[in-house]
Structure formats: structure tokens, C-alpha cells
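S.K.: A predicted structure for the sequence below; I have some questions about it.
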Amino acid sequence: HLSVRTHERQIHALDMRSDGKILATGGMDGAVKLVDAVTGQVVRTLLRHSEGVEQVRFKGMLVAASNLDKTIRVWTSDTGELLHTMARHNSRLSSFAFVSKSSIVSSDWGGNIICWDARSGAEVVFCKIGAAVSELKVDACSKSHDQVVLIGYDQTVWSWGPLDKEDVAPPHEIRRNTEVQGNMTSHINITCHPFLPNLVGIAGRNGMVSLLDTDFKKV
């Protein structure tokens, strides 16, 4: 077992690299740190004295973090080199996900979603989903050709992609299941199955979790 203090204030973000050797942590002290998963030693501090960090994610050797300053930063976890700072959102970031090694999709509280090129940091596609949908969450369907799913606080769920085409169609609203609507409130989360791209997990603040397929039939 391992227990170690890595931040001066609350830790809001945690992820583990796919090789199991390194943890990434992000806190309200504005720091992003890489921690040896065996010894607990902080091996690298990627960011200091920024605004609070809300999410960190690995993809291979890349690690990314979203901040209260509405930016996403991407580093190489082996050297700590900052590759990109992606700034386009004008509302607080609510979620982001690596869609592939070359793409990141981010969402904000204003209902905006952006697909970024993770290699260059350039914006690829910008899209707005209707009115403000606070806490719009996103996750990537890793086995479904650059697809992502998004969910808003009003329980509407969208699919977006494929994102590897030159002409990316607007997000498609998935038919809502009335049973699922009753399970959820303004605090929601969504996750894709790592091997079965048609399966999506949804959780609400009242403790209910639903596992659905893309046709929204409860499994």
C-alpha cells in the first residue's frame, strides 16, 4: 500500500499511465505532479502556481491537464516538456478526453465542444450544442473510429464523430430513455466501455448508475 501527500491543497484530478509506473495528480494548489506509483516519490512537477487543476489524463506517454483558467496543457511524461497550451474556450472547462494519440476533445459549461490536434495543439473542429449545458461531460469510444459521447446536465446524450474525417458532422442527439432521465440530476458522469464501443455508462448525483448501448436500451 502507498499513501503520500503530493499537494498542499485538495487533489481534484488523478490518472495512471498505461504502464502502471506513473500517477499524475492535479490539485487546487494549481500544480500538476507526476508520482512514482511504487515509491510515492514526486518525480516531476509539470505545473506550479496556476489556477486550480480539475482533470488530468494520460494517453501513452502524453499527459494533459485542464485548469480553471479555461486551458488544456499537454506534456510528455518522460521528459516533462510542455508541448502545447490550448486556449479557445470562453467558459469553464467541464471535461476533456483523448480520442486517440492524435486528438483531444474538450467541453465547457457554455455548451461548446472542441476537437484538438494533440500533436500540434491546433484547433480542428469547434461546435456548439444548443444553449448552455453546464457540466457537459465527454468520453472517448476508443474502439469506434474516433467517436465520442457527451452528456449534458439535462440528461441529453450526443455522439460525435468520426473525428478523423475532413468534414466532421455536428453532434447527433441519441434517443433518450425515460428510465435514465429519472436517474440523473445536474451532476453527471459518462464513460465508454474500453472494448465494446456501443456500451456507455452514465452516473448521476443520486447514486444511480446506468449501463446503456448506443440505442439506449438498458443492459
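M.R.: Perfect, I can see it now.

S.K.: and residue 90, what element?
M.R.: Using DSSP states H and E, residue 90 sits in no helix or strand.

S.K.: what's the answer for the one 4 residues further on, then?
M.R.: Assignment of secondary structure by DSSP H and E places residue 94 within strand 93-100.

S.K.: also residue 51?
M.R.: Counting by DSSP H and E, there is no helix or strand that carries residue 51.

S.K.: from residue 30, how far off is it?
M.R.: Noted for residue 51: a distance of 6 Å to residue 30, by Cβ to Cβ, to the nearest Å. Where you see a C-beta, it was placed from the backbone N, CA and C, and this is true even at glycine.

S.K.: just give me the neighbour total for residue 120.
M.R.: 12 (other Cβ atoms under 10 Å).

S.K.: identify the residues contacting the closest residue to it other than its chain neighbours.
M.R.: Among residues not flanking residue 120 along the chain, residue 84 sits closest, at 7.4 Å (Cβ to Cβ, 6 or more residues apart in numbering). For residue 84, the contacting residues are 73-74, 118, 120-121, by Cβ atoms under 8 Å, 6 or more residues apart in numbering.

S.K.: and which of those is nearest residue 159?
M.R.: Closest approach between those and residue 159, by Cβ to Cβ: residue 118, at 20.6 Å.

S.K.: what about the closest residue to the closest one other than its chain neighbours, distance to residue 86?
M.R.: Setting aside the residues directly before and after it, residue 118 is nearest to residue 104 in space (Cβ to Cβ, 6+ apart), at 5.0 Å. Plainly put, residue 104 is 8 Å away from residue 86 if you go by Cβ to Cβ.

S.K.: do the same with residue 122
M.R.: As judged by Cβ to Cβ, residue 122 and residue 86 stand 9 Å apart.

S.K.: now do the contacts for the residue nearest to residue 118.
M.R.: Applying Cβ under 8 Å, 6+ apart, the residues near residue 104 are 64, 72, 74, 86, 96-98, 115-116, 118.

S.K.: which helix or strand contains it?
M.R.: strand 103-108.
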